[in-house]
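>>> with the input below, show me the fold.
(one chain, ligands or ions: 1)
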Amino acid sequence: MFDVAIIGLGCAGYTAAVYTARYKLSTLLVGLEEGGMGNTAAEVGNWPGEIEIKGPDLMEKFKKHALSFGDTVTYKIDRVSFLDYARNDTQMNARNDTGEARGFQLTLEGGETYEAKTIIIATGSSKRHLGIPGEEEFSGKGVTYCATCDAFFYRGKDVAVIGGGDSAVEGAAIAAQVARKVYLVHRRDQFRAEPYWVDRVKAKENVTFVLGHQTVEVLGTSKVTGIKLDTPFQGSDTLTVDGVFIEIGSDPEVRLPLQLGCALDDRGFLKVDNTMQTSVPGVYGAGDVTSASNHFAQFTTAAGEATVAANSVFQYVQTLASS
Ligand code: NAP
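Numbers count the residues shown, from 1 in each chain. Down below sits the predicted model:
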């Protein structure tokens, strides 16, 4: 039985593993997508110590660090399909009459099963969809959910980026480097994004701000040809584009903690206390999946939450050993 299983291979998961390894806790680090959402950042300028670094390069450094502790960290690239309470609790001095501290069992999609005394959920989030006609139909045929990842396929073409947060505005700035024309379509006239990115986009001559408009349909034949707006912009309710980047935020990946009965907050994020423990003793959360850090999803907040979670796991495992 591992001391801890960390689920998720993004910033939070790798950071947690660095700490649990240094606490000499036997660690299972498992997940499907190496680098997680961090890989989608074209340009990271707010990770202290790196004035500017590409997201995938930063995540590669995190991974290398997490895997630098020899046998202490067991690394598995697979989807965790099921989380449950462990059947056999004898190795843990368990207190399972009260439902506490009995350890957990992970079943991977590949069929392997593992047990761990504690869990850190670092499963991040997945991109939200608009749910409008044409969106599903043209997904992968001009509709994508990561402007910074896919902009380079639209060199010399016209694209629309939908949203007003960091993902959309950063995405528009990156797309503007290669596309002929970029429409930044946002439902309000104010942005959530960092003013740094808004200023970068305003400085681009090939970006047109389409503010106060909702996108109601993705248009196309065999691939995207445009989007339809709820009200006319400059005399037309249609924008002619080759690509649509939908960047309207993300929803937390809470499938696994729900299988253990962990509580969520009123916005559907994993509820944690200030030790990063969920409502289930022995289960912790870190990163974009949690309600901590006021739902602010940054590398720095994810790493901070993971640090606290790992320290809490260390204390919890010590308590188990002495009980
Ligand atoms: P976000 O901050 O939640 O912003 C989502 C945007 O999409 C908002 O502007 C929202 O409009 C709009 N939106 C939501 N639902 C919509 C709908 N149904 N129709 C039209 N528009 C809709 O999401 P995000 O930009 O993906 O960022 C998520 C988190 O990651 C944030 O904490 C962000 O700071 C972080 N992040 C950071 C960086 C960075 O630091 N470089 C980069 C990317 C993301 P309203 O404004 O009207 O609500």
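>>> burial count for the residue in the stretch 51-200 of the chain that the ligand sits nearest to?
Taking Cβ to the nearest ligand atom, the ligand has its nearest neighbour within the stretch 51-200 of the chain at Gly165, 2.3 Å off. All C-beta atoms are positioned from the backbone trio N, CA, C, and that covers glycine. For Gly165, the neighbour count with other Cβ atoms under 10 Å is 19.
>>> next one: it from Pro252, what distance?
Gly165 sits 15 Å away from Pro252, going by Cβ to Cβ, to the nearest Å.
>>> which bits of this protein sit near the ligand?
Proximity of the chain to the ligand (Cβ under 6 Å from any ligand atom) is limited to residues 41, 46, 130, 163-168, 170, 187-188, 192, 214, 247-250, 296-298.
>>> how about the strands in the stretch 201-323 of the chain?
207-211, 215-220, 224-233, 236-240, 243-246, 250-252, 283-285 (DSSP state E, counting those that start in this stretch).
>>> quick check: phi and psi on Ala17?
phi -70, psi -40 (degrees, to the nearest 10).
>>> which residues touch Val30?
For Val30, the contact set (Cβ atoms under 8 Å, 6 or more residues apart in numbering) comprises 5-7, 9, 75-78, 80, 106, 108, 114.
>>> tell me the SS of it?
strand (DSSP: H, G, I helix; E, B strand; the rest coil).
>>> and the gap between it and Val207?
According to Cβ to Cβ, Val30 and Val207 sit 41 Å apart.
>>> among the contacts of Val30, which one is most surrounded by other residues?
Counting neighbours by other Cβ under 10 Å, Ile6 comes out on top of the contacts of Val30 with 33 neighbours.
>>> what kind of secondary structure is that residue in?
The three-state assignment at Ile6 reads strand, by three-state DSSP.
>>> any idea of the pLDDT on it?
Confidence at Ile6, expressed as pLDDT, is 98.
>>> so what pairs up with it in the strands?
Listed by DSSP bridges, the beta-bridge partners for Ile6 are Leu29, Ile120.
>>> dump the residue contacts of it.
With contacts defined as Cβ under 8 Å, 6+ apart, the neighbours of Ile6 are 13, 16-17, 20, 27-30, 119-120, 122.
>>> what about 7 Å?
Contact analysis of Ile6 by Cβ atoms under 7 Å, 6 or more residues apart in numbering lists 13, 16-17, 20, 27, 29, 120, 122.
>>> state the number of residues packed around the closest residue to Ala263 other than its chain neighbours.
With Cβ to Cβ, 6 or more residues apart in numbering as the criterion, Ala263 has its nearest non-adjacent residue at 3.9 Å, and that residue is Ser279. Around Ser279 there are 15 other residues, counting by other Cβ under 10 Å.
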